[in-house]
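Visitor: Can you look at this prediction? I've put the sequence above it.
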Amino acid sequence: MSPRILSTSPLVGQALGELGEAFPDLLIAPFRSPAWQSALPLAEALVVLLSEPITETDLAAAGRLRVIGTYSVGINHLPLQACADRGIPIVNTPDVLTEATADLSLALLLAVTRRLSEGEALVRSGTWPGWAPDQLLGMGLAGRTCGILGAGAIGRAFARRVWSLGMKPLFWDREGRGGHVEFGPGTAERAPLNSLLRRSSILSLHCPLTAATRHLLDRDALLELPTGAVILNTARGGILDENAALALLESGHLGGVGLDVYAGEPAVDPRWITAPRTVLLPHLGSATVETREAMSRLLCVGLAQEFGRTGR
Ligand code: 8YV
(Lines give C-alpha, C1' and ligand atoms only; values in the text may rest on other atoms or scores of the structure.)
Protein backbone atom coordinates (compact mmCIF):
# COMPACT_ATOMS: atom_id res chain seq x y z
CA MET A 1 0.00 0.00 0.00
CA SER A 2 1.18 3.51 -0.68
CA PRO A 3 -0.64 5.90 1.64
CA ARG A 4 -0.72 9.50 0.60
CA ILE A 5 -2.49 10.21 3.88
CA LEU A 6 -1.43 8.44 7.06
CA SER A 7 -3.71 9.14 10.01
CA THR A 8 -3.53 7.78 13.52
CA SER A 9 -7.31 8.11 13.98
CA PRO A 10 -10.52 8.21 11.93
CA LEU A 11 -11.26 11.46 13.84
CA VAL A 12 -14.87 12.37 14.68
CA GLY A 13 -17.49 12.64 11.91
CA GLN A 14 -17.25 11.85 8.22
CA ALA A 15 -14.65 14.34 6.99
CA LEU A 16 -11.59 12.08 6.99
CA GLY A 17 -13.54 9.29 5.30
CA GLU A 18 -14.64 11.73 2.60
CA LEU A 19 -11.08 12.92 2.16
CA GLY A 20 -10.12 9.26 1.80
CA GLU A 21 -12.61 8.96 -1.08
CA ALA A 22 -11.00 11.91 -2.84
CA PHE A 23 -7.48 10.70 -2.08
CA PRO A 24 -7.92 6.92 -1.92
CA ASP A 25 -4.55 6.07 -0.42
CA LEU A 26 -5.64 6.76 3.13
CA LEU A 27 -4.27 4.52 5.87
CA ILE A 28 -5.46 4.72 9.44
CA ALA A 29 -3.02 3.07 11.80
CA PRO A 30 -2.33 3.61 15.51
CA PHE A 31 0.49 6.01 16.31
CA ARG A 32 3.85 4.21 16.29
CA SER A 33 2.28 0.84 15.46
CA PRO A 34 4.31 -1.33 13.04
CA ALA A 35 1.82 -0.41 10.29
CA TRP A 36 2.22 3.33 11.00
CA GLN A 37 5.97 3.06 11.17
CA SER A 38 6.28 1.18 7.89
CA ALA A 39 3.88 3.56 6.11
CA LEU A 40 5.77 6.64 7.26
CA PRO A 41 8.28 6.74 4.36
CA LEU A 42 5.39 6.70 1.87
CA ALA A 43 3.15 9.28 3.54
CA GLU A 44 2.56 12.61 1.85
CA ALA A 45 0.28 13.82 4.65
CA LEU A 46 0.41 12.85 8.31
CA VAL A 47 -2.60 13.33 10.57
CA VAL A 48 -1.84 13.18 14.27
CA LEU A 49 -3.46 14.00 17.59
CA LEU A 50 -2.12 16.45 20.17
CA SER A 51 -0.98 13.48 22.27
CA GLU A 52 1.26 12.14 19.48
CA PRO A 53 4.60 13.95 19.33
CA ILE A 54 6.29 13.85 15.94
CA THR A 55 10.08 13.96 16.13
CA GLU A 56 12.76 15.16 13.77
CA THR A 57 13.65 11.48 13.28
CA ASP A 58 10.09 10.81 12.07
CA LEU A 59 10.39 13.73 9.71
CA ALA A 60 13.68 12.40 8.35
CA ALA A 61 12.03 9.01 7.79
CA ALA A 62 9.09 10.60 5.98
CA GLY A 63 10.87 11.46 2.76
CA ARG A 64 7.69 12.14 0.73
CA LEU A 65 5.97 14.24 3.38
CA ARG A 66 4.21 17.37 2.08
CA VAL A 67 2.05 18.40 5.05
CA ILE A 68 1.32 17.57 8.69
CA GLY A 69 -2.22 17.93 9.99
CA THR A 70 -2.88 18.00 13.70
CA TYR A 71 -6.31 17.52 15.23
CA SER A 72 -5.72 20.39 17.65
CA VAL A 73 -5.04 24.08 17.75
CA GLY A 74 -1.84 23.44 19.73
CA ILE A 75 1.25 22.58 17.69
CA ASN A 76 3.80 22.18 20.49
CA HIS A 77 4.06 18.41 19.81
CA LEU A 78 5.43 18.96 16.30
CA PRO A 79 9.04 19.62 15.19
CA LEU A 80 8.35 23.18 14.10
CA GLN A 81 11.86 24.19 13.09
CA ALA A 82 12.47 21.01 11.11
CA CYS A 83 9.12 21.46 9.34
CA ALA A 84 10.01 25.06 8.50
CA ASP A 85 13.45 24.00 7.24
CA ARG A 86 11.86 21.45 4.91
CA GLY A 87 9.00 23.73 3.91
CA ILE A 88 6.41 21.36 5.34
CA PRO A 89 3.26 23.30 6.29
CA ILE A 90 1.26 22.46 9.38
CA VAL A 91 -2.52 22.42 9.27
CA ASN A 92 -4.19 22.79 12.67
CA THR A 93 -7.70 23.58 13.91
CA PRO A 94 -7.91 27.15 15.26
CA ASP A 95 -11.15 29.07 15.86
CA VAL A 96 -13.61 26.17 15.66
CA LEU A 97 -12.72 25.09 19.20
CA THR A 98 -12.62 28.55 20.75
CA GLU A 99 -16.07 28.62 22.34
CA ALA A 100 -15.96 25.01 23.59
CA THR A 101 -12.58 25.53 25.25
CA ALA A 102 -13.66 28.82 26.83
CA ASP A 103 -16.82 27.07 28.08
CA LEU A 104 -14.70 24.42 29.74
CA SER A 105 -12.52 27.07 31.38
CA LEU A 106 -15.71 28.62 32.76
CA ALA A 107 -16.84 25.21 34.01
CA LEU A 108 -13.51 24.81 35.82
CA LEU A 109 -13.78 28.32 37.25
CA LEU A 110 -17.19 27.63 38.76
CA ALA A 111 -16.28 24.09 39.82
CA VAL A 112 -13.20 25.24 41.76
CA THR A 113 -14.59 28.40 43.30
CA ARG A 114 -17.96 26.84 44.26
CA ARG A 115 -16.41 23.52 45.37
CA LEU A 116 -18.58 21.40 43.08
CA SER A 117 -16.49 18.21 43.33
CA GLU A 118 -16.60 18.28 47.13
CA GLY A 119 -20.33 18.97 47.10
CA GLU A 120 -21.05 16.18 44.68
CA ALA A 121 -18.89 13.74 46.65
CA LEU A 122 -20.79 14.67 49.79
CA VAL A 123 -24.17 13.92 48.24
CA ARG A 124 -22.94 10.70 46.62
CA SER A 125 -21.42 9.53 49.91
CA GLY A 126 -24.86 9.35 51.46
CA THR A 127 -23.58 11.25 54.49
CA TRP A 128 -24.87 14.76 53.68
CA PRO A 129 -26.26 16.01 56.99
CA GLY A 130 -28.43 18.65 55.28
CA TRP A 131 -28.14 22.39 54.64
CA ALA A 132 -25.90 24.33 57.04
CA PRO A 133 -24.97 28.04 57.10
CA ASP A 134 -21.24 27.41 56.73
CA GLN A 135 -21.25 24.32 54.57
CA LEU A 136 -18.76 24.24 51.66
CA LEU A 137 -18.48 28.00 51.36
CA GLY A 138 -16.77 29.11 48.17
CA MET A 139 -15.41 32.26 46.61
CA GLY A 140 -17.68 34.93 45.14
CA LEU A 141 -16.64 36.15 41.69
CA ALA A 142 -18.38 39.45 40.93
CA GLY A 143 -16.04 42.41 41.18
CA ARG A 144 -12.85 40.32 41.16
CA THR A 145 -10.05 40.69 38.62
CA CYS A 146 -9.45 37.72 36.32
CA GLY A 147 -5.95 37.58 34.85
CA ILE A 148 -5.92 35.98 31.41
CA LEU A 149 -2.60 34.83 29.96
CA GLY A 150 -2.97 34.98 26.20
CA ALA A 151 -5.04 37.52 24.26
CA GLY A 152 -5.86 35.17 21.38
CA ALA A 153 -9.30 33.89 20.44
CA ILE A 154 -9.73 31.56 23.44
CA GLY A 155 -8.47 34.12 25.97
CA ARG A 156 -10.88 36.72 24.59
CA ALA A 157 -13.78 34.23 24.57
CA PHE A 158 -13.02 33.47 28.23
CA ALA A 159 -12.95 37.22 28.96
CA ARG A 160 -16.50 37.51 27.58
CA ARG A 161 -17.63 34.81 29.97
CA VAL A 162 -16.03 36.23 33.11
CA TRP A 163 -17.20 39.74 32.15
CA SER A 164 -20.77 38.40 32.13
CA LEU A 165 -20.19 37.24 35.72
CA GLY A 166 -19.24 40.76 36.76
CA MET A 167 -15.49 40.10 36.83
CA LYS A 168 -12.82 42.39 35.41
CA PRO A 169 -10.68 40.71 32.72
CA LEU A 170 -7.01 41.73 32.60
CA PHE A 171 -4.74 40.42 29.85
CA TRP A 172 -1.10 39.58 29.39
CA ASP A 173 0.28 38.18 26.15
CA ARG A 174 3.63 37.12 24.79
CA GLU A 175 4.37 40.51 23.30
CA GLY A 176 3.97 41.89 26.83
CA ARG A 177 2.71 45.19 25.41
CA GLY A 178 0.57 47.64 27.31
CA GLY A 179 -2.58 48.99 25.75
CA HIS A 180 -5.96 47.33 25.55
CA VAL A 181 -7.60 44.17 24.26
CA GLU A 182 -11.08 44.19 22.70
CA PHE A 183 -13.01 41.09 23.68
CA GLY A 184 -16.47 41.79 22.26
CA PRO A 185 -18.73 43.43 24.83
CA GLY A 186 -15.82 45.25 26.43
CA THR A 187 -12.23 46.34 26.42
CA ALA A 188 -9.66 45.23 28.98
CA GLU A 189 -6.23 46.44 29.95
CA ARG A 190 -3.14 44.53 28.81
CA ALA A 191 -0.62 44.54 31.65
CA PRO A 192 2.95 43.37 32.25
CA LEU A 193 3.01 39.88 33.81
CA ASN A 194 4.01 40.89 37.35
CA SER A 195 1.39 43.60 37.52
CA LEU A 196 -1.29 41.20 36.26
CA LEU A 197 -0.29 38.52 38.76
CA ARG A 198 -0.46 40.90 41.73
CA ARG A 199 -3.99 41.96 40.78
CA SER A 200 -5.58 38.62 39.83
CA SER A 201 -7.82 36.61 42.18
CA ILE A 202 -8.33 34.20 39.28
CA LEU A 203 -5.63 33.38 36.76
CA SER A 204 -6.55 31.51 33.59
CA LEU A 205 -4.04 30.23 31.03
CA HIS A 206 -4.77 30.59 27.32
CA CYS A 207 -1.37 30.94 25.66
CA PRO A 208 0.49 28.33 23.59
CA LEU A 209 3.34 26.28 25.06
CA THR A 210 6.61 27.53 23.55
CA ALA A 211 10.19 27.84 24.79
CA ALA A 212 9.20 31.28 26.09
CA THR A 213 6.12 30.15 28.02
CA ARG A 214 7.47 26.88 29.49
CA HIS A 215 7.23 27.29 33.27
CA LEU A 216 6.13 30.89 32.79
CA LEU A 217 4.26 30.31 36.04
CA ASP A 218 7.14 29.20 38.24
CA ARG A 219 7.32 29.56 42.03
CA ASP A 220 8.38 33.22 41.88
CA ALA A 221 5.53 34.10 39.52
CA LEU A 222 2.97 32.20 41.59
CA LEU A 223 4.13 33.99 44.73
CA GLU A 224 3.14 37.30 43.09
CA LEU A 225 -0.51 36.22 43.15
CA PRO A 226 -2.61 37.36 46.10
CA THR A 227 -3.13 34.75 48.80
CA GLY A 228 -6.08 32.55 47.94
CA ALA A 229 -5.83 33.04 44.16
CA VAL A 230 -7.24 30.33 41.90
CA ILE A 231 -5.42 29.02 38.81
CA LEU A 232 -7.13 27.46 35.80
CA ASN A 233 -5.20 25.69 33.06
CA THR A 234 -6.88 24.76 29.79
CA ALA A 235 -3.78 25.59 27.72
CA ARG A 236 -0.81 23.25 28.16
CA GLY A 237 0.64 21.55 31.23
CA GLY A 238 4.18 22.77 30.76
CA ILE A 239 3.25 26.44 31.21
CA LEU A 240 2.53 25.92 34.91
CA ASP A 241 5.30 24.61 37.15
CA GLU A 242 3.23 21.87 38.77
CA ASN A 243 5.72 21.26 41.62
CA ALA A 244 5.55 24.89 42.63
CA ALA A 245 1.75 24.97 42.29
CA LEU A 246 1.36 21.86 44.44
CA ALA A 247 3.59 23.30 47.18
CA LEU A 248 1.76 26.64 47.16
CA LEU A 249 -1.62 24.93 47.22
CA GLU A 250 -0.48 22.92 50.22
CA SER A 251 0.80 26.05 51.97
CA GLY A 252 -2.53 27.83 51.38
CA HIS A 253 -1.03 30.53 49.14
CA LEU A 254 -3.16 29.22 46.28
CA GLY A 255 -6.86 28.96 46.99
CA GLY A 256 -7.57 26.37 44.32
CA VAL A 257 -6.44 24.87 41.01
CA GLY A 258 -8.49 23.63 38.06
CA LEU A 259 -6.63 21.58 35.49
CA ASP A 260 -7.64 20.20 32.11
CA VAL A 261 -4.03 19.67 30.98
CA TYR A 262 -0.92 18.21 32.65
CA ALA A 263 2.81 18.37 31.98
CA GLY A 264 3.19 14.64 31.36
CA GLU A 265 -0.36 13.74 30.34
CA PRO A 266 -1.93 11.25 30.36
CA ALA A 267 0.25 10.66 33.44
CA VAL A 268 -0.91 12.90 36.26
CA ASP A 269 1.40 13.69 39.16
CA PRO A 270 -0.12 11.54 41.95
CA ARG A 271 0.04 14.48 44.34
CA TRP A 272 -2.77 16.14 42.36
CA ILE A 273 -5.05 13.21 43.12
CA THR A 274 -5.04 13.95 46.84
CA ALA A 275 -4.44 17.71 46.63
CA PRO A 276 -7.08 19.88 48.30
CA ARG A 277 -9.24 22.41 46.44
CA THR A 278 -8.55 21.02 42.97
CA VAL A 279 -10.72 20.00 40.05
CA LEU A 280 -9.03 17.66 37.58
CA LEU A 281 -10.36 16.98 34.08
CA PRO A 282 -8.96 14.74 31.30
CA HIS A 283 -8.19 17.32 28.57
CA LEU A 284 -11.82 17.95 27.63
CA GLY A 285 -11.49 21.51 26.33
CA SER A 286 -12.69 20.88 22.78
CA ALA A 287 -14.74 17.80 23.62
CA THR A 288 -18.17 18.57 22.16
CA VAL A 289 -19.65 16.68 19.21
CA GLU A 290 -20.06 19.88 17.20
CA THR A 291 -16.54 21.06 17.87
CA ARG A 292 -14.82 17.76 17.14
CA GLU A 293 -16.77 17.44 13.86
CA ALA A 294 -15.85 21.00 12.94
CA MET A 295 -12.19 20.28 13.76
CA SER A 296 -12.29 17.24 11.43
CA ARG A 297 -13.80 19.28 8.60
CA LEU A 298 -11.36 22.15 9.00
CA LEU A 299 -8.38 19.83 9.10
CA CYS A 300 -9.48 17.88 6.02
CA VAL A 301 -10.21 21.04 4.01
CA GLY A 302 -6.74 22.27 4.94
CA LEU A 303 -5.11 19.02 3.83
CA ALA A 304 -7.03 18.98 0.53
CA GLN A 305 -5.95 22.57 -0.09
CA GLU A 306 -2.33 21.67 0.55
CA PHE A 307 -2.55 18.76 -1.88
CA GLY A 308 -4.16 21.12 -4.39
CA ARG A 309 -1.52 23.77 -3.81
CA THR A 310 1.36 21.36 -4.36
CA GLY A 311 -0.34 19.90 -7.45
CA ARG A 312 -0.82 16.36 -6.11
C1 8YV B 1 -8.01 21.65 24.34
C2 8YV B 1 -6.36 21.71 22.68
O3 8YV B 1 -9.02 20.79 24.50
O4 8YV B 1 -6.68 21.74 20.40
C5 8YV B 1 -5.89 21.82 21.31
O6 8YV B 1 -4.68 22.00 21.12
O7 8YV B 1 -5.64 21.31 23.54
C8 8YV B 1 -7.78 22.09 22.96
O9 8YV B 1 -8.64 21.49 22.10
C10 8YV B 1 -7.86 22.72 25.35
O11 8YV B 1 -6.90 23.68 25.06
C12 8YV B 1 -7.60 22.14 26.72
O13 8YV B 1 -8.63 22.46 27.54
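Guide: Right, received. Where do you want to start?

Visitor: Just confirm residue 232 is within a helix.
Guide: No: counting by DSSP: H, G, I helix; E, B strand; the rest coil, residue 232 falls outside a helix, being strand.

Visitor: ok, it - how many residues close by?
Guide: Residue 232 has 29 neighbours, counted by other Cβ atoms under 10 Å. Where you see a C-beta, it was placed from the backbone N, CA and C, and this is true even at glycine.

Visitor: List the contacts of the residue lying closest to residue 98 once chain neighbours are set aside.
Guide: Leaving aside its chain neighbours, residue 98 sits nearest to residue 153 (4.4 Å; criterion: Cβ to Cβ, 6 or more residues apart in numbering). Counting by Cβ atoms under 8 Å, 6 or more residues apart in numbering, residue 153 touches 94-95, 98.

Visitor: wait, doesn't residue 255 sit right on residue 228?
Guide: Yes: taking contacts as Cβ atoms under 8 Å, residue 255 lies within contact range of residue 228: 3.7 Å.

Visitor: Common neighbours of these two, please.
Guide: Counting by Cβ under 8 Å, 6+ apart, the residues touching both residue 255 and residue 228 are residue 139.

Visitor: contacts for stretch 125-134?
Guide: Applying Cβ under 8 Å, 6+ apart, the contact partners of stretch 125-134 are residue 122.

Visitor: Now for the residue in the stretch 201-312 of the chain that the ligand sits nearest to: which residues touch it?
Guide: Here the residue of the stretch 201-312 of the chain nearest the ligand is residue 285; by Cβ to the nearest ligand atom that distance is 2.2 Å. Listed by Cβ under 8 Å, 6+ apart, the contact set of residue 285 reads 97, 100-101, 104-105, 234, 260-261.

Visitor: What's the local residue count around the closest residue in space to it that isn't next to it in sequence?
Guide: Of all residues not flanking residue 285 in the chain, residue 101 sits nearest, at 4.0 Å (Cβ to Cβ, 6+ apart). For residue 101, the neighbour count with other Cβ under 10 Å is 24.

Visitor: how close does residue 101 sit to the ligand?
Guide: According to Cβ to the nearest ligand atom, to the nearest Å, residue 101 and the ligand sit 5 Å apart.

Visitor: pLDDT score for the nearest residue to residue 276 once chain neighbours are set aside?
Guide: Leaving aside its chain neighbours, residue 276 sits nearest to residue 249 (6.8 Å; criterion: Cβ to Cβ, 6+ apart). What the model reports as pLDDT for residue 249 is 98.
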